[in-house]
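Colleague: following is a predicted model, sequence given first.
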Amino acid sequence: MQAIRRRIQLKITDLEYYPAAAGLLRIVTDDEPDGVCFGVGRDAANAIDAHFRATLIGADPLNRERLWQEGMRLDRYKYLAHGVRGLVDVALWDLAGKAAGLPVYRLAGGYRDRLPCYMSGHHHDDLQAYVDEALRARAEGFAGYKDHCHLGADGMAQVARACRAAVGDDFHLMHDAVAQYILIDALRLGRVLDETKYYWFEEPLKDCDIAGLKQLCDALDLPIAATEYLPGTIHATAQVLAQGAADIVRASVPWRGGITDMLKIARLAESFDVACEITSVGGSFGFVHAQVIGALRNCTFFEGWKTGSLGGEPYITNPIHIVDGHVRVPQGPGLGLDLDWDAIRKAA
């Protein structure tokens with residue numbers, strides 16, 4: 001009992017940065033557990049030191065909610081560099097998992113340890129390239145294929161019909177418009193996506209166009225996915241949900257904040273019986289998003305780009321792999337990262 005008591009009474013003593021090692025941040029404590037997060041560039045590190053270090057040093061890292069609230073205040077008053085608050089939050093969750101001896105997804109509740117993936121494709125100028133990409137996604141065991149077609153509403157309508165004809169009716173297709181349409185074009189294309197049984201229509205309009213998004217939700221059968229680029233974390237997402245302006249909300253690290261933000265957004269969406277689909281492979285080479293999705297009932301997929309390793313070598317010795325269209329949630333404590341500190345320090 002004494003060993004457990006000693007481990008849960010922690011104090012942050014230092015912050016270390018390894019910018020040449022994929023931007024690794026390490027939160028050091030006065031006991032064994034530390035917390036890490038990749039993706040902390042020099043600007044983010046400078047912002048953390050200038051505005052967040054004084055709050056963190058001496059604080060109990062297990063008080064993540066208190067530190068999240070302080071990060072929200074600093075975000076507004078100090079105009080923190082983008083992603084700073086979320087990256088610190090990730091490292092705090094990693095540390096908490098290590099202190100508890102649990103992976104983050106179990107610390108957050110635990111729902112599943114194997115995640116189906118869809119393939120997130122690229123923009124192409126040639127229609128056949130989308131068809132080929134969709135067919136490859138199906139052949140490699142992915143549960144679906146999402147395009148990022150920028151050929152306009154008429155061009156995308158052709159892509160939708162061609163992809164559906166190629167892959168058949170029992171394979172998920174999604175279109176990510178990256179906010180390229182005006183309302184009338186989104187409505188026109190949306191009817192084609194309805195006809196071709198697309199699984200969702202993502203970011204058809206700017207996330208701030210709540211009135212337009214609500215019109216799309218009301219007019220179309222397929223789900224409208226929004227809020228990926230929306231600032232304001234849970235507070236802005238709440239307004240979109242309250243107005244019925246999204247059938248699916250999106251969240252990610254570090255754009256929408258940290259793990260705390262994603263869990264808050266997902267639980268908020270669940271209270272509306274709305275899915276929260278986590279965006280992209282995400283920070284720390286997929287480890288963050290895999291852990292979060294493992295804790296959620298209302299997220300269907302992990303978003304990947306290809307089979308095989310999601311990267312991080314040589315600093316990560318146990319990279320996540322997409323195999324047969326699925327990702328296994330890492331089972332080690334915290335994020336589940338096994339790090340090669342010799343390689344990290346050598347890079348630094």
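Modeller: Cool, got the structure. Numbers count the residues shown, from 1 in each chain.
Colleague: which stretches in the chain count as strands?
Modeller: With DSSP state E as the criterion, the chain has strands at 12-18, 24-29, 35-37, 114-120, 144-147, 172-176, 200-202, 224-226, 248-251, 275-278, 302-304, 308-309, 321-322, 326-328.
Colleague: now these as a markdown table including mean pLDDT, mean neighbour count and distance to Asp342?
Modeller: The C-beta positions use only the backbone N, C-alpha and C, and glycine is treated the same way. Shown next, in a markdown table, are the strands of the chain (pLDDT from 0 to 100; neighbours: other C-beta atoms under 10 Å; distance: least, C-beta to C-beta, whole Å):
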| stretch | mean pLDDT | mean neighbour count | distance to Asp342 |
| --- | --- | --- | --- |
| strand 12-18 | 98 | 17 | 12 |
| strand 24-29 | 98 | 21 | 13 |
| strand 35-37 | 98 | 26 | 15 |
| strand 114-120 | 98 | 21 | 31 |
| strand 144-147 | 98 | 25 | 38 |
| strand 172-176 | 98 | 24 | 40 |
| strand 200-202 | 98 | 24 | 42 |
| strand 224-226 | 98 | 27 | 42 |
| strand 248-251 | 97 | 26 | 35 |
| strand 275-278 | 98 | 25 | 32 |
| strand 302-304 | 98 | 26 | 29 |
| strand 308-309 | 98 | 14 | 20 |
| strand 321-322 | 98 | 19 | 23 |
| strand 326-328 | 98 | 18 | 26 |
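Colleague: make TSV from the ones you listed and add distance to Val240 to it.
Modeller: Below are those laid out as TSV (distance: least, C-beta to C-beta, whole Å):
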stretch	distance to Val240
strand 12-18	35
strand 24-29	31
strand 35-37	28
strand 114-120	22
strand 144-147	21
strand 172-176	17
strand 200-202	14
strand 224-226	6
strand 248-251	7
strand 275-278	12
strand 302-304	20
strand 308-309	35
strand 321-322	30
strand 326-328	28
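Colleague: mind checking which of those strands is nearest Gly232?
Modeller: Across these, Gly232 has its closest neighbour in strand 248-251 (12.0 Å, C-beta to C-beta).
Colleague: low-confidence ranges in the stretch 1-150 of the chain?
Modeller: Applying pLDDT under 70 to the stretch 1-150 of the chain flags residues 1-8.
Colleague: can you show me the helices along it?
Modeller: Taking DSSP state H, counting those that start in this stretch, the helices of the stretch 1-150 of the chain run over residues 2-7, 42-47, 53-56, 64-77, 84-100, 104-107, 127-139.
Colleague: how many neighbours does the nearest residue to Val192 once chain neighbours are set aside have?
Modeller: Nearest non-adjacent residue to Val192, counting by C-beta to C-beta, 6 or more residues apart in numbering: Ala157, 4.3 Å away. Residues within reach of Ala157, counting by other C-beta atoms under 10 Å, total 19.
Colleague: so Ala157 makes contact with Asp194?
Modeller: No. Using C-beta atoms under 8 Å, Ala157 is not in contact with Asp194; the gap is 11.4 Å.
Colleague: so Val167 touches Asp132, yeah?
Modeller: No. Val167 is beyond contact range of Asp132, at 11.0 Å (criterion: C-beta under 8 Å).
Colleague: quick one: which of these two has more around it?
Modeller: Relative neighbour count places Val167 above the other of Val167 and Asp132, with 19 against 15, counting by other C-beta under 10 Å.
Colleague: tell me the pLDDT of that one.
Modeller: Looking at Val167, its pLDDT is 98.
Colleague: gap between it and Glu133?
Modeller: Val167 is 10 Å from Glu133, where distance means C-beta to C-beta, to the nearest Å.
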